[in-house]
Structure formats: C-alpha cells, structure tokens
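1. A structural model of the following input is requested.
(2 chains)
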Amino acid sequence: MASESKIDPMHQFTVEPIVPLHIGAYDISFTNSALWMVLALAVITAFMATGMKRQLIPGRWQVAVEGVTGFIDDLVRVNIGPEGRKFVPYIFSLFMFILVVNLLGLLPLAIVPGLHAFTPTSHFSITGVLAVVSFAIVLIVGFWKHGLHFFSLFMPPGLPLIGRLLLFPIEFVSFMVRPFSLGLRLFVAMIAGHILMEVFGSFLVSGLNGGVGLGLLVSLPSFILILGISALELLIALIQAYVFTLLTSLYLSDAINLH
Amino acid sequence: MATESIEAARLIGAGLAAIGTGVAAIGVGIVFGQFLNSALRNPAASDGQFPRLMIGFAVSELLGLMAFTVAILILFVV
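-> Predicted coordinates for the structure are as follows:
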C-alpha cells in the first residue's frame, strides 16, 4: 500500500553536478551546492554594497546593514571583550553566510517544475569545514597568545591535585568534541526541518490525489501545519546562525582570556 | 522471512531512537520555561542573559538532534 507512492525525503539533499569538471582523480564539478553558495555570496554582496554608502543621514537600507553589524559587534564585545574586535570580520562573515544560505534554502522554488532550492548547510561537509575553520582559529590564537600555557584551559585554577587529575580528561574531551558538535548542530537542524516539510508536503499531494473527502481530512491539516513549520523554520534558520556565531565567539573568548 | 524481520527490527529501532528527540524537547522546554520564570521576576536583567539562554538551548537541543541523527542513520544509511 505504502510502496506505490513512497515518500523519498532524502532526494532533496542530493548534490548534482551542473558543470562537470575533473582534474586528475579529483572531481571538482560545479554543483548545485556551489551554485547556491555563489547565490548567497551575491545576495550578501548586494545587501552590503547598497548599505555601505556612508550617508550622514542613513537611509532605510543603511540602517538595516548597521543593525546587523552593530548586533555582531555587540556580541563580540560582550563575549570576548575589547581584544575581540579583530575577530569581528570573521564572525560577521560566518553569521551572514550561514544566515543567508539557510534562508535561501527555504525559498519555495519547487512550485516551478524542475527547480528546487538547495541548502548547502544541510551537508556535513560544509558545516564541518566551517566548524573546523573556527576551531583552527581558536587553536592558533590560543597557542599564539599563551604558548604552552594554553593547556591551563583544561585545568581550572584553585583545585586540589586529585580534582585536577579527575577534571583534566573531562575538560579535554569536551574541548576536542567542540568542532564536531558545532558542525553537527547546524547540519542536523537544517536537515530535520527540510525533511519535515517534505513529508508534510507529500501528505498534502497524496491527500489531494485521493479525492475530496481525503483532501479535506489530510491535505487541509497538512497545509496548515506546513504554514506553521515554515514560520518555525525561518526562526530556526536565524537561531542556528546566531548559535553558531555565539559559540564560536565563546570558544574564542576561552582561547583569549583562558579562565 | 529473515529479511522481513530484520526490516521490522530496523524500523522499530529507528522509532525507539526518535524517542530521544521528545526527551530533548522536555529539556528545551525547561530551559525556556525557567528563563521566562526568572525574566518575569526581573525584566530589567533579562536582555543581558539572552546569550546564556541561547547557550542552554543549543546544548540541550544538540542531544535531541543527535537522537534524530541516529534515527536517520538507522533508516537511510544502515
């Protein structure tokens, strides 16, 4: 019964090459994932360029840009302190990239046959690289600034020796698992929302195919649910971008200020 | 017969793994509920604690997402 119209929620995440390109044994094709990242770059550039005219009396657009930059500036100042100012560009680009990629992936382009929005952040290869870059910056800054004293991060001060011996492995593991948890959180949150929308979307379609009674019984509630889930997903896209940047700045603060 | 029962066991396992998302939902609810509880007592201090709210949310949400990942891995990968 279920096999004739089986729902395939994972199909939307397939990476398809648009311009096949091979160098040696490596496949560096221009994929739909790359296309959506380029689109995100174009959107961010347009957003920033139109708002950075340095007018004395800011227009609406400049106020929007200043809102975002001020938000990230505040976040870094509160969480890292005055030394964090030089990390504002990195954290700002991280926030904008994740936010715009998440939001572009929610565009309802599938109304047009053959087109569908793709979310690069729903792949662990993308979020994992972002997380590893953040983690590498934390390590480099920590060792650059404190040398081997950086390892005192794993040794909370004011503990007796037995407490330190117990706490060192726990702190070490919780430090080493950070890039993994950082990347996993974003990628799974994105994948979960898209699967949810796909499942309810296919409920809607198969309910409509089943006639008026089934349509009213199944499709109408699914449609209302999809509306709610879409609103929730917009919120999740924002929260996940915020959480990623917040945790990155907290880890940076650990590396800069130690304890 | 054998493959069918393995398939059934796989689906049951995925369902059991999905329980974890519900348990994490309780945790997230506690985080936001406690925040609201204390924010309403002292609204002036609540804005400054928003990042901490988000950290608590992220940490407890991660475990639910991990349970979801296990369910998806059982369903689609293994």
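2. and the gap between the nearest residue to residue B:69 once chain neighbours are set aside and residue A:105?
-> Of all residues not flanking residue B:69 in the chain, residue A:188 sits nearest, at 5.4 Å (CB to CB, 6 or more residues apart in numbering or on different chains). To be clear about C-beta, it is placed using only N, CA and C from the backbone, and glycine gets the same treatment. Using CB to CB, to the nearest Å, residue A:188 is found at 14 Å from residue A:105.
3. Spit out the contact partners of residue A:231.
-> By CB atoms under 8 Å, 6 or more residues apart in numbering or on different chains, residue A:231 lies in contact with nothing.
4. re the thing from before, could you check how many residues crowd around the residue nearest to residue B:69?
-> The tally of other residues near residue A:188 (other CB atoms under 10 Å in any protein chain shown) stands at 23.
5. The host helix or strand of it: which residues count as buried?
-> Following DSSP states H and E, one finds residue A:188 within helix A:178-209. Buried positions in helix A:178-209, judged by neighbour count with 16 or more other CB atoms under 10 Å in any protein chain shown: A:178-179, A:181-198, A:200-204, A:206-208.
6. Who are the packing partners of it?
-> The contact analysis (3 or more CB pairs under 8 Å, 6 or more residues apart in numbering or on different chains; DSSP states H and E) places helix A:178-209 against helix A:88-105, helix A:124-146, helix A:220-257, helix B:50-72.
7. Would you convert those into CSV that also reports distance to residue B:17 and mean pLDDT?
-> Output for those, formatted as CSV (distance: least, CB to CB, whole Å; pLDDT from 0 to 100):
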stretch, distance to residue B:17, mean pLDDT
helix A:88-105, 25, 93
helix A:124-146, 18, 92
helix A:220-257, 21, 91
helix B:50-72, 4, 89
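8. Please identify which of those is closest to residue A:15.
-> Counting by CB to CB, residue A:15 lies closest to helix A:124-146 out of the helices and strands packed on helix A:178-209; the figure is 9.0 Å.
9. right, and the helix or strand after that closest one?
-> Following helix A:124-146 in sequence order, the next helix or strand is helix A:161-176 (DSSP H and E).
10. orientation of the helix holding residue A:188 relative to helix B:50-72 in degrees?
-> Relative orientation of helix A:178-209 and helix B:50-72, computed by axes from the mean of the first three to the mean of the last three CA atoms, to 10 degrees: 60 degrees.
11. For the next helix or strand after helix A:178-209, what is the distance to the chain centroid?
-> Reading on from helix A:178-209 to the C-terminus, the next helix or strand found by DSSP H and E is helix A:212-214. Put simply, helix A:212-214 sits 39 Å off its chain's centre (CA atoms, centre = their mean, to the nearest Å).
12. what sits up against helix A:212-214?
-> residue A:207.
13. State the distance from the spatially most central residue of chain B to chain A.
-> The residue lying closest to the centre of chain B (CA atoms, centre = their mean) is residue B:64, at 2.4 Å. Here the criterion is CB to the nearest CB, to the nearest Å. By it, residue B:64 lies 9 Å from chain A.
14. and the residue nearest to that residue when sequence neighbours are not counted, what is it in contact with?
-> Counting by CB to CB, 6+ apart, residue B:64 lies nearest to residue B:24, which is 2.5 Å off, once chain neighbours are set aside. Taking CB under 8 Å, 6+ apart, we find residue B:24 in contact with B:60, B:61, B:63, B:64, B:65, B:67.
15. now with 7 Å?
-> Shown in contact with residue B:24 (CB atoms under 7 Å, 6 or more residues apart in numbering or on different chains): B:60, B:61, B:63, B:64, B:67.
16. For it, pull up the helix or strand it's in.
-> Counting by DSSP H and E, residue B:24 is found in helix B:2-41.
17. chain center to that helix: distance?
-> Worked out by CA atoms, centre = their mean, helix B:2-41 lies 5 Å from the chain centre.
18. now check the helix or strand just after it, is it near chain A?
-> Later in the chain than helix B:2-41, the nearest helix or strand by DSSP H and E is helix B:43-46. No. Using CB under 7 Å from any CB of the partner chain, we find that helix B:43-46 stays clear of chain A, coming within 14.1 Å at best.
19. pLDDT (mean, whole number) over helix B:43-46?
-> Predicted confidence along helix B:43-46 averages 88 (mean pLDDT).
20. related to what we said a few turns ago, quick one: contacts for the residue nearest to the centre of chain B?
-> Counting by CB under 7 Å, 6+ apart, residue B:64 has contacts B:20, B:21, B:24, B:25.
21. With adjacent residues omitted, what lies nearest to the last one?
-> Once flanking residues are discounted, residue B:25 sits nearest to residue B:64: 6.5 Å by CB to CB, 6+ apart.
22. roughly how far apart are the one you found and residue B:57?
-> Residue B:64 is 11 Å from residue B:57, where distance means CB to CB.
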